[in-house]
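S.K.: whatever this is, show me its structure:
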Amino acid sequence: MAQDHKAEGKHKRPVPMHQRMDSTLTAEQKAKLSAIREEYKDKYETLKSSSLSQEEKRKQMMELRKEEQKARMEVYTPEQKENMKKMMEARKARAGEFKKGQPGKQFQGRKAVPHRKMDLQLTEDQKAKMSAITKESKEKMEALKNNTSLSEEAKKAAMKKIREDQKNKFESILTPEQKEKLQSARKNAPKPSVPRDKKQ
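M.R.: Below you'll find the model as predicted:
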């Protein structure tokens, strides 16, 4: 039983930054932030349904994010702003470690995607289709990251779905021979070492 409790502690997820900030907010601040969130939610929805190109939508989406962030920061006290700054710096430091090849425990055990690193002898048509799929998935990811109306858990679930869809679309383009080669590479891929308590 003791080991079970230890395992639960190791896999405990960090509390999202906005939830940690909420604990220090007054009722008036929460009401103002809620109003800002609703205001920009409508703006995001209007932009998404507009006839603008994807590139123009992305530009305007970034501008809206900056405006929303500025409006939200005006609600915080100097002390709260300083706390948020520290949390953001800590998050950037963790992201930097991941980029250097030191991912957090939540990423351990995942296999790399072999078709990105191995030669499947793709045709020009396949390469073009994969490029289009990658671009589409990237745009969906950007729109999802910019969506402030979703919780962190909802975003994680949606991102997982986008990745799964991208994987399925990639594989639908491959020939039976290429799929067989890909499956073989996945089976033979070395599994990352995950430290375990070997005590019985």
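S.K.: Lys179 - nearest residue in space that isn't next to it in sequence?
M.R.: Glu171 (6.3 Å; CB to CB, 6 or more residues apart in numbering). Backbone N, C-alpha and C define where each C-beta goes, glycine included.
S.K.: now the phi/psi pair for that neighbour, please.
M.R.: Backbone torsions of Glu171, given as degrees, to the nearest 10, read phi -70, psi -30.
S.K.: number of residues surrounding it?
M.R.: 13 (other CB atoms under 10 Å).
S.K.: how close does it get to Thr46?
M.R.: Distance, Glu171 to Thr46, by CB to CB, to the nearest Å: 36 Å.
S.K.: domains in this structure, as residue ranges please.
M.R.: As assigned by automatic domain parsing, the chain contains the domains 16-107, 111-188.
S.K.: follow-up on the earlier one: got a pLDDT number for the residue nearest to Lys179?
M.R.: Glu171 is assigned 85 on the pLDDT scale.
S.K.: repeat for Gly101
M.R.: Model confidence at Gly101, given as pLDDT, is 51.
S.K.: cool, Lys30 as well?
M.R.: pLDDT, Lys30: 88.
S.K.: then the host helix or strand of it to PDB, C-alphas only?
M.R.: Lys30 belongs to helix 27-48 when assigned by DSSP states H and E. Output of helix 27-48 as PDB, limited to C-alpha atoms (Å, rounded to 0.1, in the frame of the first residue of the first chain):
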ATOM      1  CA  ALA A  27     -14.100  38.600  -6.000                       C
ATOM      2  CA  GLU A  28     -13.900  41.900  -7.900                       C
ATOM      3  CA  GLN A  29     -10.800  40.800  -9.800                       C
ATOM      4  CA  LYS A  30     -12.400  37.400 -10.700                       C
ATOM      5  CA  ALA A  31     -15.500  39.200 -12.000                       C
ATOM      6  CA  LYS A  32     -13.400  41.500 -14.200                       C
ATOM      7  CA  LEU A  33     -11.300  38.700 -15.500                       C
ATOM      8  CA  SER A  34     -14.400  36.700 -16.300                       C
ATOM      9  CA  ALA A  35     -15.800  39.600 -18.200                       C
ATOM     10  CA  ILE A  36     -12.600  40.000 -20.200                       C
ATOM     11  CA  ARG A  37     -12.600  36.200 -21.000                       C
ATOM     12  CA  GLU A  38     -16.200  36.400 -22.300                       C
ATOM     13  CA  GLU A  39     -15.400  39.500 -24.300                       C
ATOM     14  CA  TYR A  40     -12.400  38.000 -26.100                       C
ATOM     15  CA  LYS A  41     -14.200  34.600 -26.500                       C
ATOM     16  CA  ASP A  42     -16.700  36.400 -28.700                       C
ATOM     17  CA  LYS A  43     -13.900  38.100 -30.600                       C
ATOM     18  CA  TYR A  44     -12.100  34.800 -31.200                       C
ATOM     19  CA  GLU A  45     -15.300  33.100 -32.400                       C
ATOM     20  CA  THR A  46     -16.000  36.000 -34.800                       C
ATOM     21  CA  LEU A  47     -12.500  35.800 -36.200                       C
ATOM     22  CA  LYS A  48     -12.700  32.000 -36.700                       C
END
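S.K.: thanks a lot, see you next time.
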